[in-house]
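> what's the 3D shape of this:
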Amino acid sequence: MPSTNTKALSEATRSKLKDAINGLEPFLNQYALNQLAGDDNGDEAQTFYKGLLSDLRHLLVFSEVSVEKLGVLLRRPNFDNEFAERALYEVYHQCVNAFFYPKNECYSEDGRYAYTGQDAIRFRFKPVREARNIVLSMSKIYEELRDDLAYYENDYMTQRRMQGQK
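Below is the predicted model:
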């Protein structure tokens, strides 16, 4: 991939990740497990919100680390194309995958809805409005990142293997 495209993609990716962080951090700082579960003290609700909050915290950390790496990369006087490609690969495989394949499976993407204009995210348990809104707003950001970084899903590592690198 040409370095000019990689640099622009790195800048755009960093900007989108910053937007995600600016949405996730206030949500996680504002809401605790008891607030989200509310009066519904059932085991299913508690388990759902514990998993959701855990997944969102992981996503926030992965995103912050990636923003920092991309920031270091973009501040360097000479743009390092190889480091950029590796960083973008990691964004795809850590951040995008952390969002679309959450460890606790509190929600999932149903691709059948992607083309209907409806939200493609389906929840395992009906969440409160605030939790639903944060996941749906993040889905838009991480969907754009997934589209932008599709090259790094398989092609990047295949190219590296062909060159004899790891």
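> switch to C-alpha atoms for all contacts and neighbour counts from now on
Will do.
> what number of residues lie near Val135?
When neighbours are defined as other Cα atoms under 10 Å, Val135 has 18 of them.
> which strand or helix spans it?
helix 129-148 (DSSP states H and E).
> what is that helix packed up against?
In terms of contacts (3 or more Cα pairs under 8 Å, 6 or more residues apart in numbering; DSSP states H and E), helix 129-148 is packed against helix 3-30.
> tell me what angle the longest helix belonging to the chain forms with helix 3-30.
In the chain, with assignment by DSSP state H, the single longest helix is helix 43-75. Counting by axes from the mean of the first three to the mean of the last three Cα atoms, to 10 degrees, helix 43-75 points 140 degrees away from the direction of helix 3-30.
> buried stuff in helix 43-75?
45-46, 48-56, 58-60, 62-64, 66-67, 69-70, 73-74 (16 or more other Cα atoms under 10 Å).
> with stretch 26-45 instead?
27-28, 33, 36-37, 45.
> with stretch 86-101 instead?
Here stretch 86-101 shows 87-92, 94-100 as buried, counting by 16+ other Cα under 10 Å.
> below-threshold pLDDT in this protein: ranges please.
Flagging of the chain using pLDDT under 70 yields the residue ranges 1-4, 40-41, 112-118, 155-158, 160-166.
> kindly recompute the last result at 80.
The model of the chain has pLDDT under 80 over residues 1-4, 38-42, 111-119, 153-166.
> rewinding a little: buried sites along the helix holding Val135?
Under 16+ other Cα under 10 Å, the buried positions of helix 129-148 are 131, 134-136, 138-139, 141-142, 145-146.
> what residues does that helix touch?
By Cα atoms under 8 Å, 6 or more residues apart in numbering, the residues outside helix 129-148 that reach it are 9, 13, 16-17, 19-20, 23-24, 27, 36, 92, 95-96, 99, 119, 121.
> what's the helix or strand hosting Asn97 packed up against?
Element membership for Asn97 (DSSP H and E) is helix 97-100. Secondary-structure packing of helix 97-100 (3+ Cα pairs under 8 Å, 6+ apart): helix 43-75.
> from the contact counts, what lies against the helix it packs on?
Judged by 3+ Cα pairs under 8 Å, 6+ apart, helix 43-75 is in contact with helix 3-30, helix 33-37, helix 81-90, helix 97-100.
> thank you kindly, that will do.
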